[in-house]
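# Mind looking at a prediction? Sequence and model below.
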Amino acid sequence: MEKDKIISRYYILYCLLIISIGCNNANNSLYYDSFTTGISLSGKRLETDSVMLRYPFRIKHKDSLAIIMDLHHPDYFYHAFTYPRFEYLFSFGKRGQAPEEILSAENFRLTDNGMWGLDANKHLLTKMSVGNITQATNEKETPLDKEIIRALDFALYDDSCFVIPDYSGKHRFHIMDKNGNIKSSHGKIPSRKHKKGDIALAQAWRSFIDYNPENHTLAMVTQLGEVLEIYNLRDSTHVVKIGSHGEPEYNESGGMAIPSGIMGFSDIQVTNEYIYTVFHGRSFKEIMQQPQPTTIDGGQYIYVFSLEGDPLYRYTLDHFIYGIDVNERTREIYAVDVNSNQPVVKYQLKR
């Protein structure tokens, strides 16, 4: 009898040991501190003299059309170019308060017959036709659900839905229909330091997102810190990867998040094979101590992950950039550099 009790105790200890090892392995799988391959890339600047861009933040292409979104242009938010030569065509998305004008531009998504743009200040998504090479016209405006707190990014989910990040702290993202109504809410902020989900935490964990319907992969990266999240919307799997700079750091004041730590990611693109991101990795102290007027803005790295979140390639660039457009077929990346009057930079990918 005593022997049976001893065996039973050892069995329980063995099971606890196995569980402990399993938990430790699971925790270790959250973190990465290096990439399989490190490569330096030199870019080629493309001339865009026909239009003066002030703060080009996003760049995307579809077929033979490329669009650059400029946050600080005095008249227009969007600028159309030929692709891949980047010959200027026209500007659209007039800045202003009139019904068909834009107060703020957060991001845009190209479709087969036009594009969608997000205006956080007007709390709506606008579908625009950009087929005409001399102008763009608004086709549809979709007011966002009142429960959505100042949406700062979005992705096209399918022909009838959008993905919108949640900024209340209660969820990670919403699926929203084309009428602007929330259909479902998903996920929690995966913070290991803060367990209470609130607006300050959601602000600190502000993320840029992208979705690829071909592989059902939704990926998001934090603007502060170094966190990548991957959701497979077909099988509901969720992967979190935290880099050496850790999760977003912030101080709370009056219920708002005051950033500290580092500037993290600024753009993301999910292709059929990989997840491409732009990473900064500079502390706010370093940024604030830069000598004037030679302040450098942007990230000098492109991090490439597998669709499962494995860190594969770390590209070090010769320019500081914000947005990217990846063409895997031609193995080219077009990026925008806010520090130059010739902001479009072309990189040839190496493996």
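Arrived safely.

# low-scoring stretches of the stretch 51-200 of the chain, by residue?
Screening the stretch 51-200 of the chain residue by residue with the criterion pLDDT under 70, one finds the ranges 131-135.

# Okay, and the most centrally placed residue in the chain sits in which element?
The chain has Phe208 as the residue nearest its centroid, 2.5 Å off, counting by C-alpha atoms, centre = their mean. Per DSSP states H and E: Phe208 is located in strand 207-212.

# Tell me which stretches of the chain form helices.
For the chain, the helices defined by DSSP state H occupy 2-28, 199-204, 284-288.

# mean pLDDT lowest for which of the ones you listed?
Of all the helices of the chain, helix 2-28 carries the lowest average pLDDT, namely a mean of 39.

# Which residue is the nearest non-sequential neighbour of Ser260?
Among residues not flanking Ser260 along the chain, Glu249 sits closest, at 4.7 Å (C-beta to C-beta, 6 or more residues apart in numbering). Backbone N, C-alpha and C define where each C-beta goes, glycine included.

# burial count for that neighbour?
When neighbours are defined as other C-beta atoms under 10 Å, Glu249 has 17 of them.

# Who are the contact partners of it?
The contact partners of Glu249, taken as C-beta atoms under 8 Å, 6 or more residues apart in numbering, are Ala204, Leu224, Gly225, Pro259, Ser260, Gly261, Ile262.

# can I get these in a markdown table with neighbour count and distance to Val163?
Putting these into a markdown table (neighbours: other C-beta atoms under 10 Å; distance: C-beta to C-beta, whole Å) gives the following:
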| residue | neighbour count | distance to Val163 |
| --- | --- | --- |
| Ala204 | 27 | 20 |
| Leu224 | 26 | 21 |
| Gly225 | 23 | 21 |
| Pro259 | 18 | 24 |
| Ser260 | 14 | 29 |
| Gly261 | 18 | 27 |
| Ile262 | 21 | 26 |
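
# quick one: which of those is nearest to Phe173?
Distance to Phe173 across these (C-beta to C-beta) is lowest for Ala204, with 16.2 Å.

# so what's that closest one up against?
Ala204 touches Leu224, Pro248, Glu249, Tyr250, Ala257, Pro259, counting by C-beta under 8 Å, 6+ apart.

# if I look at the second one, how far off is His194?
Same thing as Pro248. Pro248 sits 10 Å away from His194, taking C-beta to C-beta, to the nearest Å as the criterion.

# tally of neighbours for the spatially closest residue to Tyr76 that is not a sequence neighbour?
Excluding the flanking residues, the one nearest Tyr76 by C-beta to C-beta, 6+ apart is Ser91, at 3.9 Å. By the other C-beta under 10 Å criterion, the neighbourhood of Ser91 contains 19 residues.

# Ser91 touches His79, doesn't it?
Yes: taking contact to mean C-beta atoms under 8 Å, the distance of 4.9 Å between Ser91 and His79 places them in contact.

# Need the overlap of contacts for the two.
Overlap between the neighbourhoods of Ser91 and His79 consists of Val51, His73, taking contacts as C-beta under 8 Å, 6+ apart.

# Strands of the stretch 151-300 of the chain, start to end?
Defined through DSSP state E, counting those that start in this stretch, the strands belonging to the stretch 151-300 of the chain, from first to last, are 155-158, 161-165, 173-177, 182-186, 207-212, 217-222, 227-232, 238-242, 249-253, 256-260, 262-270, 274-283, 299-306.
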